[in-house]
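> Next one to model:
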Amino acid sequence: MAGKLKIEAINFCEGISLEKVSSALDKLDTIHFIDSLSWKEYPYKPEVKFVAAYNEGNLFLKYYVKEKYIRAVNTATNGNVWEDSCVEFFVAPGEDKEYFNFEVNCIGTCLVQKGEKRENRNYLDQEVINSIKRISSLGEEPFDEKTGSFEWNLTMMIPLVTICKIKNNNLKGLKMKGNFYKCGDKLSEIHFLSWNPIGTPQPDFHESEYFGEIEFI
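Presented below is the predicted three-dimensional model:
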């Protein structure tokens, strides 16, 4: 059964810093969990949750992660961020089959693609990706895997109406399909968590039939 996520509007003054946005998101009451383990071969389950809000043009996300391993090797835009400690947001904004995948490692390195399926996806230009503001509690410097007990958070401001070319330039009232993920393909304990469960035999975040419902209220 598809999950349902209602995202409420939030008022931010023009030019507000992402640090202040991050602090405001901490005060939101509705918390969502990325806790579906869809593949028994990968039982490791970090604690992952997120909050979401929007204003006229932007989607705001803040992820909170507790895990035993952290890694941030990739620093190039559109690099292999899924190999690191990584959070992801996939969204299909329209009625067609095209969806976007926003993937960010724990120091804010970002990959964004669009397409109708896993194969032959198109990378967005670096200039467009640079418009996605990101701030991480771990900073921006890369590091090899560390083992221990770690807590980190990452805040994003995605200009969704621009990137996804929303016709009325406003998210209010729109309904979309999407999913939220946590992974780390080169961590000591590989894991694949999702907000909405996935029914494929092997890990695959690109099966849009398992996207949940997202409504901007």
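
> Extract the C-alpha set from stretch 83-91 and format it as PDB.
The C-alpha trace of stretch 83-91 is given here as PDB (Å, rounded to 0.1, in the frame of the first residue of the first chain):
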ATOM      1  CA  GLU A  83      28.500   4.800  -2.400                       C
ATOM      2  CA  ASP A  84      28.900   7.100   0.600                       C
ATOM      3  CA  SER A  85      26.500   7.800   3.500                       C
ATOM      4  CA  CYS A  86      23.700   9.000   1.200                       C
ATOM      5  CA  VAL A  87      20.100  10.200   1.400                       C
ATOM      6  CA  GLU A  88      17.900  10.400  -1.600                       C
ATOM      7  CA  PHE A  89      14.600  11.900  -2.800                       C
ATOM      8  CA  PHE A  90      12.900  10.600  -6.000                       C
ATOM      9  CA  VAL A  91       9.900  12.500  -7.400                       C
END
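
> just how off-centre is that stretch within its chain?
Distance, stretch centre to chain centre, for stretch 83-91: 5 Å (Cα atoms, centre = their mean, to the nearest Å).

> Strand partners (parallel or antiparallel) of the longest strand along the chain?
Across the chain, the longest stretch assigned as strand under DSSP state E is strand 143-158. Strand 143-158 sits in its sheet next to strand 59-72 (antiparallel), strand 133-136 (antiparallel), going by DSSP bridges.

> Which among the ones you listed is found nearest to Met176?
strand 59-72 (10.1 Å; Cβ to Cβ). Placement of C-beta: from N, CA and C, glycine included.

> Moving along the chain from that closest one, name the first helix or strand you hit.
Downstream of strand 59-72, the first helix or strand assigned by DSSP states H and E is strand 86-92.

> Can you work out which other helices and strands pack against that next one?
strand 59-72, strand 99-105, strand 143-158, strand 175-183 (3 or more Cβ pairs under 8 Å, 6 or more residues apart in numbering; DSSP states H and E).

> related to what we said a few turns ago, alpha carbons of the longest strand of the chain, in CSV - could you do that?
The C-alpha trace of strand 143-158 is given here as CSV (Å, rounded to 0.1, in the frame of the first residue of the first chain):
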residue,chain,number,x,y,z
PHE,A,143,36.7,11.6,4.5
ASP,A,144,37.2,7.9,4.3
GLU,A,145,34.9,5.6,6.2
LYS,A,146,34.7,6.0,10.0
THR,A,147,33.4,3.4,12.4
GLY,A,148,31.7,4.2,15.7
SER,A,149,28.4,5.8,16.6
PHE,A,150,27.5,8.9,14.5
GLU,A,151,24.6,11.3,14.3
TRP,A,152,24.4,13.8,11.4
ASN,A,153,21.8,15.9,9.7
LEU,A,154,21.5,17.5,6.3
THR,A,155,19.2,20.3,5.1
MET,A,156,18.3,20.9,1.5
MET,A,157,16.4,23.7,-0.3
ILE,A,158,15.3,22.4,-3.7
